[in-house]
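Participant: Kindly return the folded structure for what I paste below:
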Amino acid sequence: MIIIRRQTRFFLYEIRRTLIAERIPQYKERSALLPGGLNTPFPIVVEPDIDLEVLFKSPERLQENLQRRHWIVDVKKVEHDYHLWKKLNKQIAEAALTKRYYSEEIHHLGEQLYSLNAKFLVACLRLPAPLHAAVPETSTPKLLFEHGSQRKSSLTMRSWRDLAEVTTIDAAPFSSFAFGEFAQLEYILLNYFNKCLDSYNMQFCAAVNVVKSFVIEAFGYHFSDIKNVFNIVAEQEEDDENSVELLHLFGTSTPLGIVSPFIRTNFSKDSLPYYVYSIGRNYDPHSGQSSCIELLAFSNEHSQHLLVNDDHKVGSEQAKHFEEMLKRSISYSTTNNPNDINLKSNSIDFIYIQLASIITSLYYRLNLPIRVCLSPSYELLAYESLRLTIEVYLPSQIDYVRVGSVSLIDDYLARRLMIKHDSDSKSYVAMVHARVADVSQLSKCVLEASQTIGRGIKLPSVLSIR
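Facilitator: Numbering: from 1, shown residues only. As a prediction, the model looks like this:
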């Protein structure tokens, strides 16, 4: 009976929480990133600045981007609204200068523009980032590098679950907790990656655990979708829509967590490029808790290979040159020396290649079967222009599992969260985000690959040295 009561109480709370979100109109219809009126409970925290001229410079490129990502958007309708938006802004500007219009006409134009902003600008904010020319045109990942032989699963081989003590606690049904050698291995791996990143003089950054709704929207998530994240609904005594605040728990080691401390930041030119990383826990309703290491790089130069106009084409000579440089750098990463790595260049494309090489070398030293691939366009998130994934072989699953990634963001998030450089109000930084390691997932691969006859574990030499 006690268990039934607990479960009933839990489901009633979930239903009540859902109803709170459903009863607030702006949680479904309005944008927290771009509040649409004076009466909205969302404060104007940032002033997103989307370059509409670049966005609609080539509607064909925009249509291609959406089709390759498997997004369904009426580009012609959005383009029509863009031309209407430009026309209304031009008429209002002329009216203010020439004073040929009556106040009623200006007021009518203003109402039309206000109504259009509430839909058109929000729609533009939710469009995905332009694709990089190196994104594979095929629907399968493109293999760039492979190392190590796959260890075949056998009757004598035990899975990581058999080798580790893992238990589920009733108080946290979405997660499991590891004890013994498995938990110790996570700390050894965290220490290994931490020391390696410090050797490249990267800065450790304290990340945030809970973010507000406008940050969720900047990353392309829908903040009212309770199924995808852990939402925290804070209600005050007053029973009105302005007394309810919606927060989102993702964890300290997520892209949202590491970007949030830099919202509204204005970097000096001398401080770029700038590299930071964070270590923490993630929370996900589907996979539970996991320990991860996130890295973020800032620069004042933007990518030269984004497909934003008709001059940039997939498979061009520039794109092939970039891909060849990336592939060669990853291949030579097996002999990387931290003193030979150049992290002072401001080219965001070069930074991307260097980070991919550094992270691959960290996995190579673990002596595990790894492969490095470029993700196809339909796998990319809204804020990603290019993603390189690092996978390690897990014998018990007879497959590779993703443990790391490097994503080109360019200025997509910077324009939405006001992350700039210099005093120029239009100078937005370009960014590269990397998941250096999903340590919880990697621990399973290391544990299975390191087991010996009997019940022993022989760790790779780089982890044995403490």
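
Participant: what does the model give Leu381 for pLDDT?
Facilitator: Residue-level confidence at Leu381 comes out at 90, pLDDT.

Participant: so it touches Phe219, yeah?
Facilitator: Yes - proximity of Leu381 to Phe219 meets the contact threshold set by CB atoms under 8 Å, at 7.5 Å. C-beta: built from backbone N, CA, C; applies to glycine.

Participant: Which one's more surrounded, the two?
Facilitator: Neighbours were tallied for Leu381 and for Phe219 using other CB atoms under 10 Å; the higher tally belongs to Phe219 (23 against 16).

Participant: Pop out the phi and psi values for the closest residue to that one other than its chain neighbours.
Facilitator: Computed as CB to CB, 6 or more residues apart in numbering, the closest residue to Phe219 that is not its neighbour in sequence is Tyr383, at 5.5 Å. Tyr383 adopts backbone torsions of phi -90, psi 0, taken as degrees, to the nearest 10.

Participant: any idea how far Arg415 is from Tyr383?
Facilitator: From Tyr383 over to Arg415 the distance is 11 Å, taken as CB to CB, to the nearest Å.

Participant: Glu146: neighbour count?
Facilitator: Neighbour count of Glu146, defined by other CB under 10 Å: 12.

Participant: and the closest residue to Phe267 other than its chain neighbours, how many neighbours?
Facilitator: For Phe267, ignoring the flanking residues on the chain, the nearest one in space by CB to CB, 6+ apart is His421 at 4.3 Å. Residue crowding around His421 was assessed by other CB under 10 Å; the count is 21.

Participant: residues contacting His421?
Facilitator: The neighbours of His421, taking CB atoms under 8 Å, 6 or more residues apart in numbering as the test, are 266-269, 272, 298, 300, 427-429.

Participant: Does the residue nearest to Phe219 touch Leu408 like I think?
Facilitator: No - in terms of CB under 8 Å, Tyr383 does not count as a neighbour of Leu408; the distance is 9.8 Å.

Participant: Compare those two (neighbour count), which wins?
Facilitator: A direct count of neighbours by other CB under 10 Å for Tyr383 and Leu408 places Leu408 higher, at 28 against 22.

Participant: Go through the helix or strand harbouring that one and flag the buried ones.
Facilitator: Taking DSSP states H and E as the definition, one finds Leu408 inside strand 399-410. By neighbour count, with 16 or more other CB atoms under 10 Å as the criterion, the buried positions of strand 399-410 are 400, 403-410.

Participant: do the same with stretch 408-423
Facilitator: By 16+ other CB under 10 Å, the buried positions in stretch 408-423 come out as 408-421.

Participant: And stretch 439-454, by the same measure?
Facilitator: Within stretch 439-454, the residues that count as buried by 16+ other CB under 10 Å are 439-451.

Participant: cool, stretch 246-254 as well?
Facilitator: Taking 16+ other CB under 10 Å as the basis for neighbour counts, the residues of stretch 246-254 that come out buried are 246-248, 250-254.

Participant: Now flag whichever of these is closest to Ala134.
Facilitator: The nearest member of the buried residues of stretch 246-254 to Ala134, counting by CB to CB, is Thr254 at 25.2 Å.

Participant: ok, the closest one to Asp399 distance?
Facilitator: From Thr254 to Asp399 the distance is 25 Å (CB to CB).

Participant: cool, and Ile370?
Facilitator: Using CB to CB, one gets 13 Å for the distance from Ile370 to Asp399.

Participant: now swap in Pro48 and tell me
Facilitator: With distances defined as CB to CB, the gap from Pro48 to Asp399 amounts to 40 Å.

Participant: just Leu272 next, same as before
Facilitator: 40 Å.

Participant: do the same with Glu105
Facilitator: The separation that Glu105 has from Asp399, given CB to CB, amounts to 65 Å.

Participant: can you check Leu326 too?
Facilitator: 24 Å.
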